[in-house]
Each structure stands twice: as C-alpha cells, then as structure tokens.
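Trainee: A structural model of the following input is requested.
(one chain, ligands or ions: 1)
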Amino acid sequence: MIIFKENLFVIRTWARRLKELLRFSLISALLLTGCARVQPVMTSDNDLVEMCKRFNVDLDLDRVNLSVVMTRGSSKARGLIGSEIVFVNNDKIALSGPLKKSRDSIIIPPDFKNKVIEPLIRQDSRVTVRKFREIVIDPGHGGKDPGTRGRFGSEEKMIVLDIAKRLRGSLEKHGIKTIMTRTKDEFVSLEKRTEIASRSKGDLFVSIHANSSPAKAARGLEVFYLRNLDSHEKKEDQMKENQKALFSQFSMQKNSTVLDNILADMVYTHKQGESEKLANFVTQRTANSINAPNRGSKSSAFFVLRNTLIPAILVEVGFLSNSTEEKALKTRFYRQKIANGLAESILDYANKN
Ligand SMILES: [Zn+2]
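Mentor: Numbering: from 1, shown residues only. Now for the predicted structure:
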C-alpha cells in the first residue's frame, strides 16, 4: 500500500499536467489513443472526470497503474480501469460494466452514479448496496478428520455440519444465497475450502467449529478473524491460486501483474476491515442470544482465514470439552439456537454497516 500511495502522489502531478496537455492538444490525444479507434461520445453521465466535478468529488487518475481513487470527505472509492469492481469504503461493488479508458477521461457504466457516486456523497452505502448477497458456509473437519470429541461421544465434524445446515436454512429464509464447502460427512482439504470460496460469488466466508480445552471449565463462544499478514505471508501459493480464480471474475481486460497487485491490495484491505468488525459484532450478539459466555473476537492466522480473499470469520460455537456445553450441543434445540443467533447477527451487521 505504501508503494501504491507514493506512486499515486508522484503521478498525480504528472497526470494533471498530462490532462492539461491533452485538453489543448488534439494531436497529442490522437497519438496517445490511436487514430483509428472510434471514441465514444462523452457526456456528463458517462465521463468520470465530469461526473466527479459535478458532484464535487476529488479524483486521482493513475495512468500508469490504471487505477482511480475518488475521495469525498472521509469517503473513498477505488477502482481499476478494465474492471467492473469498485470498492466504496468497505463495500465491494459490481458495476454493470468495466471502467474504460478514454482520451482524457474514463468512461463509466450507467449505474456508476447510483452505485458509487451517491454512496460516496452520503458517506453511507447501505441504501444501494446489500452486503453479503451470497455467503460461503464452511463446516469444519469431516470424513477421516473428526475434529475434537466430547466426553459423551459427540464429534465436532457432525455437530458443526448440523449447525452449518441450520445456518444455511436461516440465511436462505432471508433471501441470502449460500454455498456449503461440504454437505455431508466427507473430508474436504483446507485448500479446497478456500478454493470453493474464491471461485464463488460469495461476499463472506463463515467457518464453523467447536472448541476444546484442557481446562474443563472453559466454555462460551469465540469468533476469529485474520490477523494482519506481513508481505511474505501474503504470497502464499494457495492465496495466489485463489487470487487467479477470484480476479478472473472481475473481467479484467488484460493480464497485468501491476493490476493484480493493486487488486490484491484492495481485496485484502476490504477483507481485513470487514472481518474484524463483523467478528466483534457476531461474538457479542450471538453469545447474547444463545445465552453463552462471550469469549470475544480474536485474531489468528488459521489457514482458511489466511487464504480466503473475501471477509472471513471462524466461529467456535462452544466447548465439547465442557460437559455442560457438550450436552447442550447434542440437542437440536441448542444447535438451532446457535444457527439463528449467527444468522441474525450477520444480517443485523449487514443492515447497520
Ligand atoms: Zn475445529
């Protein structure tokens, strides 16, 4: 991000000069854009520069990295030329078409004003954007990997699968699409789970687990989100694979390492910001609604949190090592209560943020 900001700063001045030059020199413009290409008619509705002027939004075009940053007060939107994805504050917005380069501006799709400019002005995107349209639910363990076991014979893999299915039911009732990383008692590798998330159109990854502790008295709910990764950790093989899968959905016009790196940065920042806030919210709300101790939200670098690219949380629903909680988790009633608590807290978060 530091390199990105420095680039922007240096190039901002350069871009302004270029813009002035272009404005006064048709020949330069033709040379830069190619004489044979037919330029579309620019109107105040499809010209990004005009649109930003009209709504008093600061615009930085980085013509080298082909990125666009729009600022209005404390609101910020970032996009890339060639991509239909724009990040508005903490929301990932899919436009009806990609941003396209023009002579001295950027051509924007018809829904840009609605989806990007208006939320920027309001400093609030909740009216036009629905967070979490599709949620990836990941029941931990499965098959040869039972997870932790309780004294009364419960297996984590079965408990969390049941809660995950109930969570799916609760979310779907509210019109949210879901994808499960497994729907039966089968082994699915951690790599595969993150791949499923990256190939999907999911906006959120929720992994469900049950806890265990040598301290038999330990009980309650806790929710993990990804701790900040260093630059080395961000280059993990699985993450790179998943980035390829995810970015292929963004209909980028050409392959470019620079663009991919910028996009990776945007995706990471978006994910980190959302995951921590959501983890806080979910642990408080759900613990409250299932009447369990709230052990809080915690950062960690679990594989599935590290290698998913969308906002991600890992919920430890309770301790199978605690006999009271194991007994509760063995009942359908309590598992449904957890699923409802999770669904309500996720939906509530989406409405409030
Ligand atoms: Zn587990």
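Trainee: need the residues of this protein near the ion, please.
Mentor: Counting by CB under 5 Å from the ion, the chain comes close to the ion at 140, 147, 209. Yep, even glycine has a C-beta here, placed from its N, CA and C like the rest.
Trainee: Let's have the residues you listed in JSON lines, adding secondary structure and pLDDT.
Mentor: Below are the residues of the chain next to the ion laid out as JSON lines (DSSP: H, G, I helix; E, B strand; the rest coil; pLDDT from 0 to 100):
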{"residue": "G140", "secondary structure": "coil", "pLDDT": "98"}
{"residue": "G147", "secondary structure": "coil", "pLDDT": "97"}
{"residue": "H209", "secondary structure": "strand", "pLDDT": "98"}
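Trainee: List the residues that contact the closest residue to the ion within the stretch 201-350 of the chain.
Mentor: Nearest residue of the stretch 201-350 of the chain to the ion, counting by CB to the ion: H209, 3.4 Å away. By CB atoms under 8 Å, 6 or more residues apart in numbering, H209 lies in contact with 140-141, 147, 156, 160, 314-317.
Trainee: close enough to count as contact, R335 and V160?
Mentor: No - between R335 and V160 there is no contact under CB atoms under 8 Å: 9.4 Å.
Trainee: quick one, which of those two is more surrounded?
Mentor: Between R335 and V160, counted using other CB atoms under 10 Å, the more crowded position is V160 (29 against 23).
Trainee: buried stuff in the helix or strand encompassing the more buried one?
Mentor: In this structure, V160 sits in helix 156-173 according to DSSP states H and E. Along helix 156-173, these residues count as buried under the neighbour rule (16 or more other CB atoms under 10 Å): 156-168, 170-171.
Trainee: Quick one: find the helix or strand in the protein with the lowest mean pLDDT.
Mentor: Across the helices and strands of the chain, mean pLDDT, DSSP states H and E gives its lowest value to helix 26-33, namely a mean of 35.
Trainee: Name the next helix or strand downstream of it, please.
Mentor: Downstream of helix 26-33 (by DSSP H and E), the next one is helix 48-54.
Trainee: What are the contacting residues of that next one?
Mentor: By CB under 8 Å, 6+ apart, the list of residues contacting helix 48-54 reads 42-45, 57-59, 68, 70, 99, 104-108, 112-113, 117.
Trainee: Narrow those residues to those in strands?
Mentor: When the contacts of helix 48-54 are checked against strands (DSSP state E), the matches are 58-59, 68, 70, 106-107.
Trainee: that older thread, go through the buried residues of helix 156-173 and name the one nearest M266.
Mentor: Nearest to M266, judged by CB to CB, of the buried residues of helix 156-173 is L171 at 26.2 Å.
Trainee: follow-up on the earlier one: could I have the buried ones of the ones in strands among the contacts of helix 48-54 as ChimeraX selection syntax?
Mentor: Selecting only the buried entries of the ones in strands among the contacts of helix 48-54 in ChimeraX, with 16+ other CB under 10 Å as the criterion:
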select :59,68,70,106,107
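Trainee: Would you format the ones in strands among the contacts of helix 48-54 as JSON lines with pLDDT included?
Mentor: Listed next are these as JSON lines, based on pLDDT from 0 to 100:
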{"residue": "D58", "pLDDT": "89"}
{"residue": "L59", "pLDDT": "90"}
{"residue": "V68", "pLDDT": "89"}
{"residue": "M70", "pLDDT": "91"}
{"residue": "I106", "pLDDT": "89"}
{"residue": "I107", "pLDDT": "92"}
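Trainee: farthest pair in the ones in strands among the contacts of helix 48-54?
Mentor: D58 and I107 (19.5 Å).
Trainee: With respect to K177, which of the contacts of H209 is nearest?
Mentor: Of all the contacts of H209, the one sitting nearest K177 is V315; the distance, using CB to CB, is 19.5 Å.
Trainee: same for the helix or strand that contains that closest one, what does it pack against?
Mentor: Secondary structure from DSSP H and E places V315 in strand 312-319. Other helices and strands packing on strand 312-319, by 3 or more CB pairs under 8 Å, 6 or more residues apart in numbering; DSSP states H and E, are helix 156-173, strand 204-211, strand 221-226, helix 257-290, helix 303-307, helix 323-329, helix 332-352.
Trainee: ok, 7 Å please
Mentor: Packing partners of strand 312-319 (3 or more CB pairs under 7 Å, 6 or more residues apart in numbering; DSSP states H and E): strand 204-211, strand 221-226, helix 257-290, helix 303-307, helix 323-329.
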